[in-house]
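Asks: Model the structure of this input:
(2 chains)
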Amino acid sequence: MSEQETIGELLVKRGISRRALLKYAGYLASVMALPPTSSTAMAQALANARRQSVIWLSFQECTGCTESLTRSFSPTIEDMIFDLISLDYHETLQAVSGYAAEEARMQAMKENKGKYVVVVDGSVSTKDGGVYSANAGKTNLETLQETAKDALALISVGTCAAFGGIPHAKPNPTGAVPVSDIITDKPIINIPGCPPIAEAIAGTVAYLVTFGKIPELDHLGRPKAFFGDTIHDRCYRRPFYDKGLFAKSFDDEGARNGWCLYEVGCKGPVTYNACATLKWNGGVSFPIQSGHGCLGCSEPDFWDRGGFYKPLSSWTGGNAAIIGGAAAAGAVVGAASALLARRRKASASGEKGS
Amino acid sequence: MNERIVVDPITRIEGHLRIEAETGSDGSITGAYSSGTMVRGIELILKGRDPREAWAFAQRICGVCTLVHGIASVRAVENALDYKIPPNAQLIRNLMIAAQYVHDHVMHFYHLHALDWVDVVSALKADPAATSQLAQSISSWPKSSPGYFADTQKKLKNFVESGQLGIFANGFWGNPGFKLPPEANLMAVAHYLEALAWQREVVKLHTIFGGKNPHPNFLVGGAPSPISVDSTASSGVSATAVNMTGLGQVKTVIDSMKTFVEQVYLPDTLAIASFYKDWFARGEGVGNFLTFGDFPEKGMDDPSSWLIPSGAILGRDLNTIHPVDLNDPEQIQEFVSHSWYDYSAGKDRGLHPYEGETNLDYTGPKPPYEQLDVEQSYSWLKSPRWKGNVMEVGPLARVLMLYAKGHEPTKELAGMALSKLDLPLEAMFSTMGRTAARTLESKIIVDQMSTWYDNLIANIRGGDLAVHNEDKWEPSSWPKEARGVGFMEAPRGALAHWVVIKDGKIDNYQAVVPSTWNAGPRDAQGQPGPYEAALMDRHTLYDPKQPLEIQRTIHSFDPCIACAVHVVDPDGEELMKIQVR
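Replies: Numbers count the residues shown, from 1 in each chain, chains lettered A, B, ... in the order given. Purely as a prediction, here's the structure:
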């Protein structure tokens, strides 16, 4: 095998200058809300590092998280796999099947012992010894334990891997659990969402690779750069909420005018994610902008919280609010929810002692 | 002496699939067995929930063909409630489904299937100038200069020389099964990368109408995306994503899809296929084909307005199209003779989805295992049958159905492709025929998108902004009990969901999906499923350690295994007790 090169050498070969490297690092710094000075350090780290070995394991999943990653505009999937990481195992993307595929995983684990990053999408079935999900004749449970053993860190991509997701929804037929229930002795970053925003996945991987450390996380293990605010707090429709202007149904005048979707069930006030700021697919739109309330998909157990079309006041099974009630009433209830959300946010940031 | 080859995981697919094959001394496949190895139980999770929310759960069956289960789900609930949707919602759904086809098929070809035909390492030996000549000889696609291909090659060379091959590690590079000249390989590698960038742009159509992709939003009773075209709206200029800017972006996406299909995907398919003509002579599945129909101009109630018709073809006979009735208990049945389920009336019975049972019964080897016992049960997939026949669903079935029904654009396009390749129509019954059919139908469908878009714009200009029918939104307006079936043509084939609603809640939910039809195991009569039959049709492994030939034929079906296995009831409850209405 030829001498392995650093990312810096590779980039120079591709004709990418230090200036371009700095620019990319600057972008990363801005998206991750880092101080501007960090981009120099990051560019340095990028230039020195050998491409980080990443092993991507897919368990009880729908491949939506991988699909989302391919939609990232910065860094793009092409740039990631050619310049940033060495994607040594990924069932949906890798060339070879069967024995040769498993061999590639084993080889990466051996060559990068203690240094590789494991990304997981999908929950892990534990019922009946985990027979409900197997790969290469092994249960996912066994594959996860085996692969995590010598990993540097793990990233749980998507709500299934982070919190159990849809397989974990009642009555959880296969005993599905999140990765953090199985692996307790390694750092784990959670990037929930069904699926997560592409740039949240790519940005977190890029951060980990360039800095070699875990970004600042909230109390649920989510990077604060992407999960620090509620969607409601950053929503462009927030002024209508404050004025008490609500869509009462999906296609009424308020809906067409882009008024607040609180009364048709939007979960934005209690959902921490970057949909309202980063938006989706290159910043084109996000669920609320396209007229459907937020489902709350980056929060644990969002499938079981009592109704996507029920206004928040009745979301967790409390007093059922009458849909279409007075705007003022909606605003009051909403204010309470938003307050709760802020309090929760405060306690989350309190945990890290800031 | 027979040898057992195990390929697990089959990569470059959606989900978890295992293939076991028996080979004779010459390497020819004499027996093949397809096994789905993962279950989640989404239908069970749906029980007791609000039917208006079912689409969100069902959609998570799959994130690759994202949207298909959402569409089938809202259609099932609308069918149960006799809930009409506005014409604009129908057009928006058509556009979203069509966008899914084109996106999905292009990504399948370049990112999931191409590496079965394209030798990435051989591309390093290509002459960029000759590659440019080749590219310009087959297409007017502008990215075709010698410098462009030289850059791509340099990028690839540096990558290979880094010693970290990532997703290309351990590839079967240099296997004599690869037939493309280095220049064609280099062109394909360039398009592999271009398609990655292209797909990011074209999913924006879903983002505008559905808020995000993967997993865009849907709504029972219409579309969830109100149209904001009045720039003087009290809310200001932005309002919703479906404003003049958004609609302009939709048009841009449609144009980009059409151009990419015509100038890249179609010419690449024909160019690559021309080096693999032997693959037009093997890998036929079962010769039986099934479609449910889709893309209504005037709503699902009017089959005459569907772009893709419904029907069944038996034994390659394109002269006789059999009508298909999803409500007929004699027509659609699922068998579990070789699946890890049990039926109360006996494992050899076939049950219509309305009466289906899903009693989980794992009898396979205790993991870790080396080999499955294929004489017994060996898969989480069931074996669906139409009137007892094994049926193939998907692009080939649809293209044959359109062809048989005399759809002129299809006949013209298929005629052009076959004459360029100098092949008879019978060549379509094959591995490469399946792959080519996927390309042809992308062209057929992308050509319809502008018409739907123009109709939508015309409606808006005429003052019709309605996208949602509010009439039956409130469960209080529903009958105490209702049941219905929602069907569609997903990119991978015919799909249907059955729902039973009681007291405003889901009493039962069942889905029979394309990859279950194609990837299912043997039935009670021992009839192999389409994957299995196709692998047993003239396949010889050059090197059993490099099962390239198996990958080619399995990938030609575009497996989606999370879709195929989605039913489970570990407590042995009877899920399906549905009467035909």
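Asks: The residue lying closest to B:K480 once chain neighbours are set aside: how many residues sit nearby?
Replies: Excluding the flanking residues, the one nearest B:K480 by Cβ to Cβ, 6 or more residues apart in numbering or on different chains is B:D503, at 6.4 Å. C-beta here means a position set from N, CA and C on the backbone, and glycine is covered the same way. Residues lying near B:D503 (other Cβ atoms under 10 Å in any protein chain shown) number 9.
Asks: Could you do the one 10 residues further on as well?
Replies: Neighbour count of B:V513, defined by other Cβ under 10 Å: 31.
Asks: what helix or strand is B:A534 on?
Replies: According to DSSP states H and E, B:A534 maps onto helix B:530-535.
Asks: With adjacent residues omitted, what lies nearest to the closest residue to chain B within chain A?
Replies: Nearest to chain B in chain A, going by Cβ to the nearest Cβ, is A:G64, at a distance of 2.0 Å. Spatial nearest neighbour of A:G64, excluding adjacent residues (Cβ to Cβ, 6+ apart): B:G63 at 2.0 Å.
Asks: got a list of what that neighbour touches?
Replies: When contacts are counted by Cβ atoms under 8 Å, 6 or more residues apart in numbering or on different chains, B:G63 touches A:E61, A:C62, A:T63, A:G64, A:C65, A:T66, A:E67, A:S68, A:P195, B:E14, B:P214, B:H215.
Asks: residue contacts, B:P226?
Replies: A:A247, A:F250, A:D251, A:A255, A:R256, A:G291, B:T240, B:V242, B:L465, B:V467, B:H468.
Asks: Need the phi and psi values for it.
Replies: Dihedral angles of B:P226 (phi, psi; degrees, to the nearest 10) stand at phi -60, psi 150.
Asks: helix or strand for the residue nearest to A:G64, which one?
Replies: In the assignment (DSSP H and E), B:G63 maps to no helix and no strand.
Asks: Local confidence estimate at it?
Replies: Looking at B:G63, its pLDDT reads 90.
Asks: ranges for the strands of chain A?
Replies: For chain A, applying DSSP state E gives strands covering A:52-58, A:85-90, A:116-121, A:124-125, A:134-135, A:138-139, A:151-157, A:176-177, A:188-191.
Asks: Now the fourth one: average pLDDT?
Replies: On average, the pLDDT along strand A:124-125 is 96.
Asks: Within its sheet, name the partner strands of that strand and how each one runs.
Replies: strand A:176-177 (antiparallel) (DSSP bridges).
Asks: Same question for the last one.
Replies: Taking DSSP bridges as the criterion, strand A:188-191 pairs within the sheet with strand A:151-157 (parallel).
Asks: Looking at the stretch 401-550 of chain B, what residue ends up closest to chain A?
Replies: As assessed by Cβ to the nearest Cβ, chain A sits closest to B:H468 within the stretch 401-550 of chain B, at 3.9 Å.
Asks: Quick check: that residue vs B:A241, distance?
Replies: With distances taken as Cβ to Cβ, to the nearest Å, B:H468 is found 15 Å from B:A241.
Asks: Poorly predicted segments of chain A, please.
Replies: Within chain A, the stretches with pLDDT under 70 are A:1-49, A:314-354.
Asks: Show me how it divides into domains.
Replies: For chain A, the domain assignment from automatic domain parsing gives the residue ranges A:50-225, A:231-351.
Asks: Out of these, indicate the one that is most buried.
Replies: Stretch with highest mean neighbour count among the domains of chain A: domain A:50-225 (a mean of 23; mean count of other Cβ atoms under 10 Å in any protein chain shown).
Asks: Between its first and last residues, what's the separation in it?
Replies: End-to-end distance for domain A:50-225: 26 Å, by Cα to Cα, to the nearest Å.
Asks: List the residues that contact B:R200.
Replies: B:R200 is in contact with A:T70, A:R71, A:S72, A:F73, A:T76, A:N281, A:G282, counting by Cβ under 8 Å, 6+ apart.
Asks: dump the residue contacts of B:L318.
Replies: Listed by Cβ under 8 Å, 6+ apart, the contact set of B:L318 reads B:L400, B:Y403, B:A404.
Asks: how would you label it: helix, strand or coil?
Replies: Secondary structure, DSSP: H, G, I helix; E, B strand; the rest coil: B:L318 is coil.
Asks: I appreciate the help and will end here.
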